[in-house]
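A.B. asks: no sequence for this one, just the structure:
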Ligand SMILES: Cc1ncc(COP(=O)(O)O)c(C=O)c1O
């Protein structure tokens, strides 16, 4: 490569000096990633990596995807930003597209720049609509890094200080069968994890709630995927107590989970609101929240996000959603995801380090444990597997309360050959560790 790139060591020094220490990065020996092409990333030394993390589930349709990038570059050259005090054609066309895709009466959108802002806005609207400030959130959830978004986040690592506890937020159990907090087994458990929400509402709230915010598959929480009945039970409880159901689709949206457009569609639940970010614009910064007409129209006050709905991000999102549709990527995700999951299950049969394999589509979690009977989390081994995989040319992510879950979420253009390559490298990385 002809450009003059800084070495990873030089970049680490800059980072240490100028970036707040709360920002951590993967790998003992990190790389300077300088180029992406389809499902591959390349570092400044020219090493290539098969990418199974997609910039935290963001580069959804692959890097340097001509059909998308040409439209983005063209828009950058024409006009980047005016703000919503003017009419923005790409934003309005995107909003129309979202309304076509969204379930039920969810038709109206407010555009922001990140998932965190989408969480904030959705919660504000739910509270406004219901006149209640009691919000339910799931244990092991992640909804962003601002004050309120951390308040509804249920992972200790992101709470840090008592300060990040938001009044009015009540946590209810997630559907984490591998580590059931009730010590029960599915299906004889009666899905008590979902039913417990009613106890929380009856004991910790005035008896009516603003609603719940929940990820269909918990991303940062380690791709925790609840049993089939879980969300329907939770939904009915939320409705019984007057709340709105907010599905956080920041990681699960737009086909990531295969077969369905949105994660929550797998559970037969029609939410009242949804939040988006990450993969929506294939790497351009964007966020949005949507609501039913009734909820959206209830708020007649003023609202503006200066960059929300800007020409470039909106163009990128529209091009990306069309690309996903035109290339049948939701179905591809289902098929290739099934194949990849089989490969991971096979690894589980051969490596005792793997305690659980879960997820849907191309959002697959591999939980690592040092003792299968005790389910002892293996965070150090997880780091070692990631490092070894990286050295062999494969990037995977990490998550979970204990930092012991490999998160496998490649661009959804992945094919079966890519899966074979990924499984082969993971196999060798785990054997080495
Ligand atoms: C499910 C979910 N919601 C919200 C967010 C926050 O998004 P952002 O980092 O764009 O603010 C994230 C980020 O990881 C997420 O995974």
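C.D. replies: Perfect, thanks for sending it. On a predicted model such as this, the values are computed, not experimentally measured, just so you know.
A.B. asks: by proximity to the ligand, which residue of the stretch 101-250 of the chain wins?
C.D. replies: As assessed by Cβ to the nearest ligand atom, the ligand sits closest to residue 115 within the stretch 101-250 of the chain, at 2.2 Å. Backbone N, C-alpha and C define where each C-beta goes, glycine included.
A.B. asks: and that residue, how far is that from residue 31?
C.D. replies: Shown here: residue 115 relative to residue 31, a distance of 26 Å by Cβ to Cβ, to the nearest Å.
A.B. asks: which one of these two is surrounded by more residues?
C.D. replies: Shown here are residue 115 and residue 31; by other Cβ atoms under 10 Å, residue 115 has more neighbours (27 against 19).
A.B. asks: what pLDDT does the nearest residue to the more buried one once chain neighbours are set aside get?
C.D. replies: Excluding its sequence neighbours, the residue lying closest to residue 115 (Cβ to Cβ, 6 or more residues apart in numbering) is residue 277, at 3.4 Å. pLDDT for residue 277: 98.
A.B. asks: give me phi/psi at residue 277?
C.D. replies: Backbone torsions of residue 277, given as degrees, to the nearest 10, read phi -170, psi -140.
A.B. asks: was I right about it contacting residue 252?
C.D. replies: No - look at residue 277 against residue 252 with Cβ atoms under 8 Å: they stay out of range, at 11.4 Å.
A.B. asks: mind listing what the lengthiest strand in the chain pairs with, with the direction of each?
C.D. replies: Identified as the longest strand of the chain according to DSSP state E is strand 363-371. With DSSP bridges as the test, strand 363-371 is paired with strand 354-360 (antiparallel), strand 376-377 (antiparallel), strand 405-408 (antiparallel).
A.B. asks: pLDDT below threshold where in the stretch 301-433 of the chain?
C.D. replies: For the stretch 301-433 of the chain, applying pLDDT under 70 flags no range at all.
A.B. asks: am I right that residue 307 is in contact with residue 91?
C.D. replies: No - judged on Cβ under 8 Å, residue 307 makes no contact with residue 91 at a distance of 10.9 Å.
A.B. asks: those two: which is more packed in?
C.D. replies: Between residue 307 and residue 91, counted using other Cβ under 10 Å, residue 91 has the larger neighbour count: 23 against 16.
A.B. asks: dump the residue contacts of that one.
C.D. replies: Contact analysis of residue 91 by Cβ atoms under 8 Å, 6 or more residues apart in numbering lists 84, 111, 309, 310, 311, 314.
A.B. asks: same thing with residue 415?
C.D. replies: Going by Cβ under 8 Å, 6+ apart, residue 415 touches 332, 336.
A.B. asks: and it, how far is that from the ligand?
C.D. replies: Using Cβ to the nearest ligand atom, to the nearest Å, we find residue 415 at a distance of 26 Å from the ligand.
A.B. asks: how near is that residue to residue 256?
C.D. replies: Taken as Cβ to Cβ, the span from residue 415 to residue 256 is 16 Å.
A.B. asks: mind listing residues that contact stretch 363-371?
C.D. replies: Under Cβ under 8 Å, 6+ apart, the answer for stretch 363-371 is 57, 178, 217, 219, 222-225, 251-252, 256-257, 337, 340-341, 344, 347-348, 353-359, 375-378, 381-382, 385, 399-400, 404-409.
A.B. asks: among those, which are in strands?
C.D. replies: Short answer: the contacts of stretch 363-371 in strands (DSSP E) are 354-359, 376-377, 399, 405-408.
A.B. asks: from these, keep the buried residues only.
C.D. replies: Neighbour counting by 16 or more other Cβ atoms under 10 Å classes 354, 355, 356, 357, 358, 359, 377, 399, 405, 406, 407, 408 among those as buried.
A.B. asks: got those as CSV, with distance to the ligand columns?
C.D. replies: Output for these, formatted as CSV (distance: Cβ to the nearest ligand atom, whole Å):
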residue, distance to the ligand
354, 23
355, 23
356, 20
357, 20
358, 16
359, 14
377, 20
399, 9
405, 14
406, 16
407, 10
408, 15
